[in-house]
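J.: just the structure for this:
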Amino acid sequence: MVLALIGSITFLAVAILYILLAMGLPYGEFAMGGKYKVMPKQMRVACAISVLIQLIAIIFILQAGNVISIDALTTIAKGVCYFFSFYLIVNTIMNALSKSKKEKFIMTPLSFLTAICFLITAING
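T.: Predicted structure coming up:
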């Protein structure tokens, strides 16, 4: 339950960053390779879609960690958590290889911590 809460909070922090990016604020150095300080309009749409996916992931980790109870999600919550743990491990590798120092040194450990939270929640859920 504790790891589900930690994972949901860390993913919420990333979702907030992506909301700010979608709004056109200059935090692009923390995401998507750090190529843009302010995301172009097409990338802002991708950021907004990413926020929706992140919020769905938060619901699933909270379900798998028995923090919330939504009967319709019970049977797939563990599998979704395994999927997001794999996705976040790949994301961690990509962040570590980023040319952006901000993405490399801030988002890499955040992504890794979140991946571990999803994985352990899935295993214990």
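
J.: show the subsequent helix or strand relative to the helix ranked longest in the chain.
T.: Longest helix of the chain, by residue count under DSSP state H: helix 41-64. Proceeding N to C from helix 41-64, the next assigned helix or strand is helix 77-96, under DSSP states H and E.

J.: distance from the next helix or strand after that next one to the middle of the chain?
T.: Downstream of helix 77-96, the next assigned helix or strand under DSSP H and E is helix 101-102. Counting by Cα atoms, centre = their mean, to the nearest Å, helix 101-102 is centred 18 Å from the centre of its parent chain.

J.: residues in contact with helix 101-102?
T.: Applying Cβ atoms under 8 Å, 6 or more residues apart in numbering, the external contacts of helix 101-102 come out as 29, 30, 34. In short, each C-beta sits where N, CA and C put it, glycine included.

J.: can you check stretch 47-61 too?
T.: Against stretch 47-61 from outside (Cβ under 8 Å, 6+ apart): 4, 7-8, 11-12, 14-15, 18-19, 21-22, 31, 39, 68, 70, 73, 76-77, 80-81, 84, 117-118, 121.

J.: any buried residues in the longest helix of the chain, and which?
T.: 43-44, 46-47, 50-51, 54, 57-64 (16 or more other Cβ atoms under 10 Å).

J.: next one: stretch 8-18
T.: Quick answer for stretch 8-18 (16+ other Cβ under 10 Å): 8, 10, 11, 14, 15, 17, 18.
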